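Q: Whatever this is, show me its structure:
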Amino acid sequence: MLLKSNYHLKFFLLTGILSLLILLLGWLLPSTIHADIWKILSFLAISSYLVGVMSLWLLKGSSENLLQIKMVGMILRIIASLSFIGIMVFMGTENILLFVVDFFILFLFYLVFDIYTFLANLRPISK
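A: Prediction:
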């Protein structure tokens, strides 16, 4: 029951599972994992967590603005992600295609998690 209601625990569980997946893929198929994968995972985990906590905090204040809050969160995440990719490319990251592919695969995992928590919040708010 604790897992159903605790956003923080679910988020850290997702990050742990993604870390284990990265380790497993790095061991089985090392050519599919970019050298900067841990920077990518760290950035996405931190930015997604901050956006999620900010959204939950704003939802406590006004639950009727759910759609606007989630849209602002997704726009912030996309702008931060594109900025991160731009900075990493500018700094001279090698194998940019693999970097971008790995980035967006992890980005999609966190986006699906955000959408899942968004849908889970619709039911309590509609009552």
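Q: so who does the residue lying closest to Y49 once chain neighbours are set aside touch?
A: Closest residue to Y49 apart from its sequence neighbours, by Cβ to Cβ, 6 or more residues apart in numbering: F11 at 5.8 Å. Placement of C-beta: from N, CA and C, glycine included. Under the criterion of Cβ atoms under 8 Å, 6 or more residues apart in numbering, the neighbours of F11 are 48-49, 52, 113.
Q: I'd like those written out as a markdown table, with pLDDT added.
A: Shown next, in a markdown table, are the contacts of F11 (pLDDT from 0 to 100):
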| residue | pLDDT |
| --- | --- |
| S48 | 92 |
| Y49 | 93 |
| G52 | 87 |
| F113 | 90 |
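Q: Can you tell me how far the residue nearest the centre of the chain is from R77?
A: Closest residue to the average C-alpha location of the chain: Y110 at 3.1 Å, with Cα atoms, centre = their mean. Applying Cβ to Cβ, to the nearest Å, the value for Y110 to R77 is 8 Å.
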